[in-house]
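Here's my sequence, what's the structure:
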Amino acid sequence: MALKERVGTVVSDKMDKTVVVAVENRFPHAIYQKTVSRTTRYKVHDETNSCKVGDRVRITETRPLSRTKRWQVAEVLATTGAVKATGAN
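Sure, this is the predicted structure:
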């Protein structure tokens with residue numbers, strides 16, 4: 001059986017060794033043929049904590065690592081130079 005792969009955007013990196021990746025799936029509506037986009041969020045294992053919010057990553061399916069983690073980061077495709085804003089004015 002082939003491993004599943006997805007490409008998505010990191011939307012959260014607040015957990016240790018885990019990131020949340022949003023994968024957008026676009027498909028035509030069955031009746032109206034308008035393009036519909038559906039977003040699925042995956043909890044993904046990031047061993048080195050190298051992914052930051054906004055990064056484009058490729059993820060692959062793996063054995064269950066926890067109750068909700070079944071994916072791991074295969075590679076970082078593009079990084080963002082965004083700096084997180086602090087609450088201080």
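
contacts, neighbours, all on C-alpha from now
OK.

tell me which element the most centrally placed residue in the chain is part of?
In the chain, the residue lying closest to the centroid (Cα atoms, centre = their mean) is Val21, at 1.7 Å. Per DSSP states H and E, Val21 falls inside strand 18-28.

ok, residues contacting that strand?
Strand 18-28 has contacts (Cα atoms under 8 Å, 6 or more residues apart in numbering) with 6-13, 34-47, 49, 51.

and with 10 Å instead?
Residues outside strand 18-28 that contact it (Cα atoms under 10 Å, 6 or more residues apart in numbering): 6-14, 33-59, 69, 71-73.

coming back round to it: so what's the nearest residue to the residue nearest to the centre of the chain once chain neighbours are set aside up against?
Of all residues not flanking Val21 in the chain, Val10 sits nearest, at 4.4 Å (Cα to Cα, 6 or more residues apart in numbering). Counting by Cα under 10 Å, 6+ apart, Val10 touches 19-23, 41-44, 51-57, 79.

rewinding a little: ok now the strand holding Val21, how far from the chain's centre?
6 Å (Cα atoms, centre = their mean, to the nearest Å).
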